[in-house]
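1. Quick one: sequence and predicted model below, then my questions.
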Amino acid sequence: MDKVMIETKTEPPAVMEKKEPGDEVKRLSLAEAAGYFEVKACKVDEMKIGEMRNIAIPGQKQQVLLGKGYDNQYFAMGSACSHYLALLKNGAMGQNRVRCPWHGACFNTKTGDIEEYPCVDGVHVFEVTTENDTVVISGHAKNVDNQRRTLQMCKRNGDDVSNTVVIVGGGCAGLTCAETLRKENFTGRIVMLTGENYAPYDRTKLSKGLDTPVDKLLLRKEDFLAEYDIELWKNVTVEVVDFENKTLSVKGGIEEQSLRYSTLVLAVGQHVRTLSDAITGGPWKNIHYLRTTDDAKAICDAAKGKNVAILGSSFIGMEVAAYLADKAAAVTVISNTREPFQASLGPLVGEALKTELFQKKGVSFVPEVRIQSFEGDKHTQLLKKVTLTNMYTVEIDILVAGIGTIPSTGFLEKTLLELSPRNGAIVVDEFMATKIPNVYAAGDCTDFPFGGTRVTIGHWNVAQSQGRTAALSIIGKRVPFTSVPYFWTTMFTKSVRYAGFGLEFNDVFIHGALNGLKFVAYYLKDDTVVAASSLMYDPVVSRFAEILSKGATITRSIIEQDPELTRTAEKVFSADHS
């Protein structure tokens, strides 16, 4: 007969009680009533190093991820990424961390803390012990179904009136900077300035779902920011920065027009490149651009049942085309390249996505052209048609221009701040510091050192990581930016992952089948793989990113012999424990 042991501990038990052979001991009653669980997961030698699996927890809807790390130790954590809830067991294990298979977020297996973005919350971890030859997982039951863990943050000390960090920009870089400061026990004043009417939101969703309500986009609500004394000034613009006197001249819907800082973080992002009236013969009311949630709603409302032309075939233009394919009367993509996504994904991948996805959904393409002339009704200010350089005419009701972005640094020209002559981005070092003391920058407005050159990268994870780097620099923890760039695009329910930085690739190695849209594409600069993309081949891109994060070099011979990088990952991550 089973023996029942009544637990009276207020903390989860560290190990199971020893049992005599033939006895079965159960822990029930008060331990479970107190909200703890304890589950026998597997035999000690059952799982291989690098293996991950989900373990069911009685009474809970979600499961717990159990893994055996490269240090030969078991770990247990929340089963889903806190970003979009992808199952982490399908991701890539690194050195004491797991990387999400979808968008590349990383979580420490010991603490659940964020190590790489995109996300704003960590995950829960659970205790792992052994009883004889059995692995046992225990912890708070409520944390199994609660798949997001907001990291502990401090509040402002009202007596500290001299230490003010002003963050110009209300995007993900600015938000991550503010939250990191509070997580690191910065108790001074934090002021975040935004030109929009909303708290920071997920801008990556705009082109993938034009009609997404803003409350579904928010990274944090305003009351959350207020709880941790992060001031949010909305609908404001900074007109002048006086670096010598550490003041900002602010214009907008607030009474205070001058703001003094002790530390300044410039996270101003970028703005869309527009077609000038001198070029289009406008102004035209039906030329649209996408940068904000208000822009997205305007495009969605205007395009339904209409003839839509999209100028530009990179990610914004193509995601908008995918979204509108079954909502507009017709969608025509006008591009100066032969294939969509050509600069980033290469012509082979671009052609496959075009033929296997877009054209099958009725999207038309006019490649390798530019708009030669614009014609419309001057009285109504509505553009009616465009004539292209191949003399082809496109009748339109709405034109969406996705022709690139520019760092929003115009107000910083003719100041002491160094801007890149290449694109006007703010020049920073690997710690996100400018040459002006106590002035930092983060996000896609920066020109920063990466891979032996200087670059500006507009990826979500880069912006958040730079926001964290800037915050750590402010409090004296100088940790250089080392994140591997990672982004994704979603079209017709298909999602392409991409990691690395491959704008100068000169060859592409394909593993899998492009015509079946199940492939990995490796982008090589001579003999070195500099980037990778995939479709329906998770978690290869996340595994690739993890290997790069260790400073390893992947060559052509490696991907020829190990195209999914499984053996390469084992070799790289086992090396520290050999």
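-> Perfect, I can see it now.
2. For Ala470, give me its contacts.
-> Shown in contact with Ala470 (C-beta atoms under 8 Å, 6 or more residues apart in numbering): Ala173, Cys177, Val265, Ala267, Phe431, Met432, Ala433, Tyr440, Ala441, Ala442. No exception for glycine: its C-beta is placed from N, CA and C like everyone else's.
3. repeat that for 6 Å
-> Cys177, Val265, Met432, Tyr440, Ala442 (C-beta atoms under 6 Å, 6 or more residues apart in numbering).
4. Got the phi and psi for the residue nearest in space to the middle of the chain?
-> Closest to where the C-alpha atoms of the chain average out (C-alpha atoms, centre = their mean) is Pro118, at 3.3 Å. The phi and psi values for Pro118, taken as degrees, to the nearest 10, are phi -100, psi 130.
5. Quick check: it touching His459?
-> No. Look at Pro118 against His459 with C-beta atoms under 6 Å: they stay out of range, at 8.7 Å.
6. which residue packs closest to the residue nearest to the centre of the chain, ignoring adjacent ones?
-> Trp460 (4.6 Å; C-beta to C-beta, 6 or more residues apart in numbering).
7. So that neighbour is in contact with Thr204, correct?
-> Yes. Shown here, Trp460 and Thr204 form a contact pair, counting by C-beta under 6 Å, at 5.4 Å.
8. picking that back up, can you put the contacts of Ala470 in JSON lines and add secondary structure, pLDDT and distance to Arg370?
-> Listed next are the contacts of Ala470 as JSON lines, based on DSSP: H, G, I helix; E, B strand; the rest coil; pLDDT from 0 to 100; distance: C-beta to C-beta, whole Å:
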{"residue": "Cys177", "secondary structure": "helix", "pLDDT": "98", "distance to Arg370": "40"}
{"residue": "Val265", "secondary structure": "strand", "pLDDT": "98", "distance to Arg370": "39"}
{"residue": "Met432", "secondary structure": "coil", "pLDDT": "98", "distance to Arg370": "37"}
{"residue": "Tyr440", "secondary structure": "strand", "pLDDT": "98", "distance to Arg370": "39"}
{"residue": "Ala442", "secondary structure": "coil", "pLDDT": "98", "distance to Arg370": "35"}
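9. Got a quick PyMOL command for the buried subset of the residues you listed?
-> In PyMOL, this line selects whichever of the contacts of Ala470 come out buried by 16 or more other C-beta atoms under 10 Å:
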select buried, resi 177+265+432+440+442
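10. residue contacts, the residue nearest to the centre of the chain?
-> Counting by C-beta under 6 Å, 6+ apart, Pro118 has contacts His83, His103, Ala105, Trp460, Asn461, Gln464.
11. Report the separation between it and Thr415.
-> Separation of Pro118 from Thr415 (C-beta to C-beta, to the nearest Å) stands at 31 Å.
12. Over to Asn245?
-> Asn245 is 12 Å from Thr415, where distance means C-beta to C-beta.
13. Who's the closest spatial neighbour of Glu504, skipping the chain neighbours?
-> Nearest one to Glu504, counting by C-beta to C-beta, 6+ apart, is Lys525 at 5.6 Å.
14. Next one, pLDDT for the one you found please.
-> Each residue has a pLDDT score; the one for Lys525 is 96.
15. next one: Ala34
-> Per-residue confidence (pLDDT) for Ala34: 66.
16. residues touching the residue nearest to Asn157 when sequence neighbours are not counted, list them.
-> What sits nearest to Asn157 in space, not counting adjacent residues and going by C-beta to C-beta, 6+ apart, is Thr187, at 3.8 Å. Applying C-beta under 6 Å, 6+ apart to Thr187 gives the contacts Cys154, Arg156, Asn157, Asp160.
17. Same check on Glu184?
-> Applying C-beta under 6 Å, 6+ apart, one finds that Glu184 lies in contact with Ile475.
18. now do 8 Å
-> Glu184 sits next to Ala471, Leu472, Ile475, Lys477 when contact means C-beta under 8 Å, 6+ apart.
19. cool, and Asn108?
-> Asn108 sits next to Asn96, Arg97, Glu115 when contact means C-beta under 8 Å, 6+ apart.
20. Give me the distance between the nearest residue to Ala105 once chain neighbours are set aside and Thr212.
-> Closest residue to Ala105 apart from its sequence neighbours, by C-beta to C-beta, 6+ apart: Cys119 at 4.5 Å. Distance of Cys119 to Thr212, computed by C-beta to C-beta: 18 Å.
21. Who has more neighbours out of these two?
-> When neighbours are counted by other C-beta atoms under 10 Å, Cys119 and Thr212 differ, and Cys119 comes out ahead with 24 against 17.
22. is it true that that one touches Gly78?
-> No. Using C-beta atoms under 8 Å, Cys119 is not in contact with Gly78; the gap is 11.7 Å.
23. can you map out the helices along the chain?
-> 30-33, 142-145, 172-183, 222-227, 277-280, 293-303, 315-324, 342-353, 460-474, 540-549, 556-561, 566-574 (DSSP state H).
24. I'd like to know which of the ones you listed is closest to Gly452.
-> helix 540-549 (14.1 Å; C-beta to C-beta).
25. So for the closest one, mean pLDDT?
-> The average of the pLDDT scores along helix 540-549 is 98.
26. Identify all contacting residues around it.
-> By C-beta under 8 Å, 6+ apart, the residues outside helix 540-549 that reach it are 91-94, 99-101, 104, 106, 116, 482-484, 486, 497-500, 520, 529, 532-534, 554, 564-566, 568-569, 572-573.
27. Which among these count as buried?
-> For the contacts of helix 540-549, buried by 16+ other C-beta under 10 Å: 91-94, 99-101, 104, 106, 116, 483-484, 486, 497-500, 520, 529, 532-534, 554, 564-565, 568-569, 572-573.
28. partners of Arg189 in the sheet?
-> As for beta bridges, Arg189 partners with Thr164 under DSSP bridges.
29. measure it to Leu259 for me?
-> According to C-beta to C-beta, Arg189 stands 10 Å off from Leu259.
30. What sits closest to Lys306 if chain neighbours are left out?
-> Nearest residue to Lys306, sequence neighbours excluded (C-beta to C-beta, 6+ apart): Asp397, at 3.7 Å.
31. For burial, what's the neighbour tally of the one you found?
-> Number of residues near Asp397 (other C-beta under 10 Å) recorded here: 18.
32. Asn307 is in contact with that one, correct?
-> Yes. The criterion here is C-beta under 8 Å, and Asp397 meets it with Asn307 at 4.8 Å.
33. pLDDT below threshold where in the stretch 451-578 of the chain?
-> Residue ranges of the stretch 451-578 of the chain with pLDDT under 70: 576-578.
34. neighbours around Val166, how many?
-> Neighbours around Val166, by other C-beta under 10 Å: 25.
35. give me the number of residues near the nearest residue to it once chain neighbours are set aside?
-> Nearest non-adjacent residue to Val166, counting by C-beta to C-beta, 6+ apart: Tyr261, 4.0 Å away. Using other C-beta under 10 Å, Tyr261 has 20 neighbouring residues.
36. Tyr261 and Phe411, how far apart?
-> Counting by C-beta to C-beta - Tyr261 and Phe411 are separated by 15 Å.
37. Could you do Phe224 as well?
-> Computed with C-beta to C-beta, the distance linking Phe224 and Phe411 is 29 Å.
38. swap in Ala105?
-> Separation of Ala105 from Phe411 (C-beta to C-beta) stands at 33 Å.
39. what do you get for Phe492?
-> Counting by C-beta to C-beta - Phe492 and Phe411 are separated by 40 Å.
40. go on, Pro340?
-> Distance, Pro340 to Phe411, by C-beta to C-beta: 34 Å.
41. Arg468 too?
-> 25 Å.
42. quick one on the thing from earlier: among the contacts of Glu184, which ones are buried?
-> Buried among the contacts of Glu184 (16+ other C-beta under 10 Å): Ala471, Leu472.
43. Let's have the contacts of Glu184 in JSON lines, adding distance to Thr292.
-> Formatted as JSON lines, the contacts of Glu184 follow (distance: C-beta to C-beta, whole Å):
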{"residue": "Ala471", "distance to Thr292": "25"}
{"residue": "Leu472", "distance to Thr292": "29"}
{"residue": "Ile475", "distance to Thr292": "32"}
{"residue": "Lys477", "distance to Thr292": "33"}
